[in-house]
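> fold the following for me, if possible:
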Amino acid sequence: QLVQEFGEACKNALLKQFEEERRDKFELRMSNVGRPLCQLQMEAKGIKGEGQPYNVKMRNTFGDLIEALALFVMKSSGINIKNEQKKVTYKFNGNTIEGRQDVEIDEKVWDIKSASPYSFDKKFGSGFEEVAKDDAFGYVPQGYLYSESEKMPFGGWIVINKSTGEW
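Numbers count the residues shown, from 1 in each chain. Now for the predicted structure:
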């Protein structure tokens, strides 16, 4: 059963990266809320930047496949996984922001990240404070928005070194 679920997750990762239509209209999402304000303002005005590097789809696909493998390993080892890739909404001041949380474990929301060896060691390897100190990707607000939308604590990140396989 777990092998079947893993196969479906891999198939969905490929479809997401190579077939899914990308949004043309700007939307603030939990996954982009931590970007620099000037970048978000430019995107909201429809002003295109330099664009993504040629290898962005491959990098994103690797991340999705590593996440699927992480879930497979955790389930195989008996960890009680709930609500993987659950669509969540946070409401504030009459507005909403949407996202997809990665997983709930032990009544906490966790975010799964694949990381370069440098990021794995220097950023995530040094703990929460180090991530929060220099959070160019918005990992902290993203995690807390997921947890606030579900009214449960943010557990942190499950990080896999994409070069060595270390967790």
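
> on contacts alone, who are the packing partners of the helix or strand where Q17 lies?
Following DSSP states H and E, one finds Q17 within helix 2-18. The contact analysis (3 or more C-beta pairs under 8 Å, 6 or more residues apart in numbering; DSSP states H and E) places helix 2-18 against helix 56-76. Using the backbone N, CA and C atoms, a C-beta is placed for each residue, glycine as well.

> pull out the buried positions in the helix it packs on.
For helix 56-76, the neighbour count (16 or more other C-beta atoms under 10 Å) marks 61, 63-72, 74-75 as buried.

> what does stretch 89-108 give?
Those buried within stretch 89-108 under the rule 16+ other C-beta under 10 Å are 90, 97, 99, 101-105.

> just put those in CSV and tack on secondary structure.
Listed next are those as CSV, based on DSSP: H, G, I helix; E, B strand; the rest coil:
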residue, secondary structure
Y90, strand
I97, strand
G99, strand
Q101, strand
D102, coil
V103, strand
E104, strand
I105, strand
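
> got phi/psi on G125?
G125 adopts backbone torsions of phi -70, psi -10, taken as degrees, to the nearest 10.

> re earlier: the buried residues of stretch 89-108: which two are farthest apart?
Pairwise distances across the buried residues of stretch 89-108 (C-beta to C-beta) peak at 23.3 Å, for the pair I97 and I105.

> so I160 lies in a strand, does it not?
Yes: assignment of I160 by three-state DSSP places it within a strand.

> correct me if wrong: it contacts A70.
Yes: using C-beta atoms under 8 Å, I160 is in contact with A70, at 5.8 Å.

> what residues do those two have in common as contacts?
112, 167 (C-beta atoms under 8 Å, 6 or more residues apart in numbering).

> so what's the nearest residue to G46 once chain neighbours are set aside up against?
Among residues not flanking G46 along the chain, F26 sits closest, at 7.1 Å (C-beta to C-beta, 6 or more residues apart in numbering). Taking C-beta under 8 Å, 6+ apart, we find F26 in contact with 43-44, 46.

> hmm, 10 Å instead?
By C-beta atoms under 10 Å, 6 or more residues apart in numbering, the contact set of F26 is 32, 40-47.

> and which of those is nearest Q4?
Taking the contacts of F26 together and measuring to Q4 by C-beta to C-beta, the closest member is N32, at 32.5 Å.
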